[in-house]
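Student: Task: produce atomic coordinates for the following.
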Amino acid sequence: MLSTAIVAVIYLMKKNKLVYIGGPTCSGKTKLSILLASTLNTEIISCDSRQIYKEISIGTAKPSKINLKKIKHHFINHVSIHDDFNVGIFHKQANKILESLFKKNNTVVMVGGSGLYADSIICGIDHFPKVKASIKKQVISLFKNEGLQKLNSMLREHDPEYYRMVDKNNARRVIRALEVCLSSGKPFVSFFKEKRKNNFFKTKILLMDSKREKLYKKINKRVDKMISLGLEKEAKEFYKYRNLNSLQTVGYKEFFEYFNGKYNYKYTIEEIKKNTRRYAKRQTTWNKKYKEVFLVKENYKLNEILNFINN
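Tutor: Numbers count the residues shown, from 1 in each chain. Have a look, this model is predicted:
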């Protein structure tokens, strides 16, 4: 028979709930997260791979200072753009914070649009094969000599499923995926499919259900607001650091091309809007793999969401 202590631990683990709010950018995730965290008297784990950086704010659409003061957030303004930070580090730190938070509250809210970050907590971290040094050298050489378009073409051939998901402008992720494909002889996405599970909480997934046409209008409007708030000035401030991975993100990289003389101003704004819409589409595709979810409509009722969480 199981000891009383072990039974108590198992019971507590089943009571612990991580409420993950996912969905495309500009779909209302932040607003819902603040409402739920306030209602449940809990804290928020952000799984946004760009809001973690202290220096960049306008282009990353961080929660307002009022909301950050109202609800304690983790992983907002967490590290510098010059720091080394990745999904593995996030997984380790976030799980440690969750263990601490679950001692105070049985429910914690996690919100953000970075699929890899979210999955590292919901499912656990993926274990990828070691990449051969010769393969690394080959891929970097291709990148330098033939560009990112060539690597994307190869990735589409070796792993069409991950190719549909990945940010094709994120050189680091494309390079990493292609290295694993060439080293292992298997699709990169195949390593996501191992059974991985955290064992000290249950995850309840809420997905923002946004109509595409309305969402795209919101995205365009948000970009216009970012411009009015000074996105160009913010991007200019960090132009000298433009090769940092932390700055390879929509809003900054387009302005870097503008500063380089490649884009004119009007085209730069349209590229930011277009690339943000494309990012939203990839986020939606990524989230389709989740099965047991609550789709949050525009006119959602809080009590229905709470019933889903508590069941």
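Student: quick one: low-confidence ranges for the protein?
Tutor: The model of the chain has pLDDT under 70 over residues 1-14, 193-199.
Student: Tell me how it divides into domains.
Tutor: Following automatic domain parsing, one gets these domains for the chain: 4-125+196-310, 133-192.
Student: TSV for the ones you listed, including mean neighbour count?
Tutor: Placement of C-beta: from N, CA and C, glycine included. Shown next, in TSV, are the domains of the chain (neighbours: other C-beta atoms under 10 Å):
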stretch	mean neighbour count
domain 4-125+196-310	17
domain 133-192	17
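Student: can you give me the helices in the stretch 201-311 of the chain?
Tutor: 212-229, 231-237, 253-259, 265-287, 302-310 (DSSP state H, counting those that start in this stretch).
Student: Quick one, which of these gets closest to His82.
Tutor: helix 231-237 (13.9 Å; C-beta to C-beta).
Student: mind exporting that closest one as CSV, just the C-alpha atoms?
Tutor: The C-alpha trace of helix 231-237 is given here as CSV (Å, rounded to 0.1, in the frame of the first residue of the first chain):
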residue,chain,number,x,y,z
LEU,A,231,9.0,52.0,-32.7
GLU,A,232,11.3,53.5,-35.2
LYS,A,233,13.3,55.4,-32.5
GLU,A,234,13.5,52.3,-30.4
ALA,A,235,14.7,50.2,-33.3
LYS,A,236,17.3,52.9,-34.2
GLU,A,237,18.6,52.8,-30.6
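Student: all strands of the stretch 101-250 of the chain, in order?
Tutor: Applying DSSP state E, counting those that start in this stretch to the stretch 101-250 of the chain gives strands spanning 107-111, 202-208.
Student: got JSON lines for those strands, with distance to Val87 too?
Tutor: What follows is the strands of the stretch 101-250 of the chain, written out as JSON lines (distance: least, C-beta to C-beta, whole Å):
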{"stretch": "strand 107-111", "distance to Val87": "14"}
{"stretch": "strand 202-208", "distance to Val87": "17"}
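Student: any idea how far the residue positioned nearest the centre of the chain lies from Met165?
Tutor: For the chain, Ser114 is the residue whose C-alpha lies nearest the centre (C-alpha atoms, centre = their mean; 0.9 Å). Shown here: Ser114 relative to Met165, a distance of 12 Å by C-beta to C-beta, to the nearest Å.
Student: Doesn't Ser27 belong to a strand?
Tutor: No. Per DSSP: H, G, I helix; E, B strand; the rest coil, Ser27 lies outside any strand segment and is coil.
Student: on that earlier part again, phi, psi of the residue nearest to the centre of the chain?
Tutor: Reported as degrees, to the nearest 10, the phi and psi values for Ser114 are phi -90, psi 100.
Student: Leaving out sequence neighbours, find the closest residue to Ser57.
Tutor: Glu234 (7.3 Å; C-beta to C-beta, 6 or more residues apart in numbering).
Student: again with Tyr241
Tutor: According to C-beta to C-beta, 6+ apart, the nearest residue to Tyr241 is Leu247 (6.0 Å).
Student: And the one you found, how close does it get to Ile58?
Tutor: From Leu247 to Ile58 the distance is 13 Å (C-beta to C-beta).
Student: Mutual contacts of those two, please.
Tutor: Residues touching both Leu247 and Ile58 (C-beta atoms under 8 Å, 6 or more residues apart in numbering): none.
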